[in-house]
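# The following block contains a protein sequence and its predicted model.
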Amino acid sequence: MERQLKHLEFIQGVVNRLGANSFRVKGWTVVLVSALFVLSAREGRIAFSFIALLPLLFLWALDGYFLWQERLFRALYDHVRSLDKSKIDFSMSLTPFMGDRPRTWWSSIFSTTLVIFYVALILTVILAVAIYLIFSGGSS
């Protein structure tokens, strides 16, 4: 029983780190988009706001990667939890769990929570650019 609990602790530690990384990515995304908005307003160049879309998409994919890995480790956790105590080998291999529908990178990128967060940011960038163009008379 002690070996199984230790293995589960190892897996839970990885899940916690992946969740923290996902949170940090979201924080850096908001900071980056905000900084590009400030730079855009300060310089009077709307192009800086559109530049925010590129790292935003990259960070969305990275966040999806962290969520994908977290889902795989949760599957490993469930597997180890139900293993016979004599078969605990402290393996952290995720290969047996890859490819299942809810545990693919694409399904993680397009999970409800990530779509809501990142699409909201994308729409904010587009809306900010549109408002700027309307109030500046279309010149940038």
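Arrived safely, thanks for sending.
# Show me what secondary structure element comes after the helix or strand of the chain with the lowest mean pLDDT.
Least confident helix or strand of the chain, by mean pLDDT, DSSP states H and E, is helix 47-51 with a mean of 77. Tracing the chain C-terminally past helix 47-51 and defining elements by DSSP states H and E, one meets helix 53-82 next.
# What residues sit buried inside that next one?
Neighbour counts over helix 53-82 (16 or more other CB atoms under 10 Å) mark 53, 56, 59-60, 62-77, 80 as buried. Backbone N, C-alpha and C define where each C-beta goes, glycine included.
# And stretch 27-39, by the same measure?
By 16+ other CB under 10 Å, the buried positions in stretch 27-39 come out as T29, L32, V33, L36, F37.
# what sits against the fourth one?
The neighbours of L36, taking CB atoms under 8 Å, 6 or more residues apart in numbering as the test, are F48, S49, I51, A52.
# swap in the last one?
With contacts defined as CB under 8 Å, 6+ apart, the neighbours of F37 are F48, S49, A52, A128.
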